[in-house]
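Novice: Give me the fold of what follows.
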Amino acid sequence: MLKIHCPYCQEDREEIEFHCAGEAFIARPANTEELDDTQWADYLFHRDNHKGWHYEQWVHNAACRKYFIVKRNTATHQIEQSWRFDEAPNPNQST
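Specialist: Numbers count the residues shown, from 1 in each chain. You can find the predicted model right below:
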């Protein structure tokens, strides 16, 4: 079982208290009205699902009920760190 650190509660808690809400930092297309069904489906449903380090959104269902970002290795399930949304480093933005 994973131990996940909630950046709002400031506690490490059991995975059962949380729910994974999917991949983080997916940019919404700017021109949604111009997308055809295939392009819209690609945005909604297709994810990289690569092996290795991955940014995910999680929600702490059993306590504060807030969403946050977790950097987790999909091969080993090791969690490197968790952040509130306003603190998380966006890997898609250049600094």
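Novice: Setting aside sequence neighbours, what's the nearest residue to the residue nearest the centre of the chain?
Specialist: Nearest residue to the geometric centre of the chain (C-alpha atoms, centre = their mean): Glu56, 1.9 Å. Of all residues not flanking Glu56 in the chain, Val70 sits nearest, at 5.1 Å (C-beta to C-beta, 6 or more residues apart in numbering). C-betas here are computed from N, CA, C, even on glycine.
Novice: Let me know how buried that neighbour is, in neighbour terms.
Specialist: Other residues within reach of Val70, judged by other C-beta atoms under 10 Å, total 23.
Novice: Which residues does stretch 10-19 contact?
Specialist: Residues external to stretch 10-19 that are found in contact with it (C-beta atoms under 8 Å, 6 or more residues apart in numbering): 1-6, 58-63.
Novice: And for stretch 71-87?
Specialist: With C-beta under 8 Å, 6+ apart, stretch 71-87 has contacts from 2-8, 49-56, 58, 66-70, 89.
Novice: bridging residues for Ser82?
Specialist: Applying DSSP bridges to Ser82 yields these beta-bridge partners: Val70.
Novice: give me the low-pLDDT residue ranges for the chain?
Specialist: Low-confidence segments of the chain, defined by pLDDT under 70: 94-95.
Novice: Strands of that one, residue ranges please.
Specialist: For the chain, the strands identified by DSSP state E occupy 3-6, 11-14, 19-23, 53-59, 67-73, 79-83, in order along the chain.
Novice: In a markdown table, list these along with distance to Thr38.
Specialist: Written out in a markdown table, the entries for the strands of the chain read as follows (distance: least, C-beta to C-beta, whole Å):
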| stretch | distance to Thr38 |
| --- | --- |
| strand 3-6 | 36 |
| strand 11-14 | 40 |
| strand 19-23 | 20 |
| strand 53-59 | 25 |
| strand 67-73 | 29 |
| strand 79-83 | 34 |
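Novice: Between those strands, which one is closest to Phe45.
Specialist: Shortest distance between Phe45 and these, using C-beta to C-beta, is found for strand 19-23: 10.5 Å.
Novice: Could you check how far the residue of the chain positioned farthest from its centre is from Arg28?
Specialist: Most distant residue from the mean C-alpha position of the chain: Glu34, 27.1 Å away (C-alpha atoms, centre = their mean). Between Glu34 and Arg28 the computed distance is 13 Å (C-beta to C-beta, to the nearest Å).
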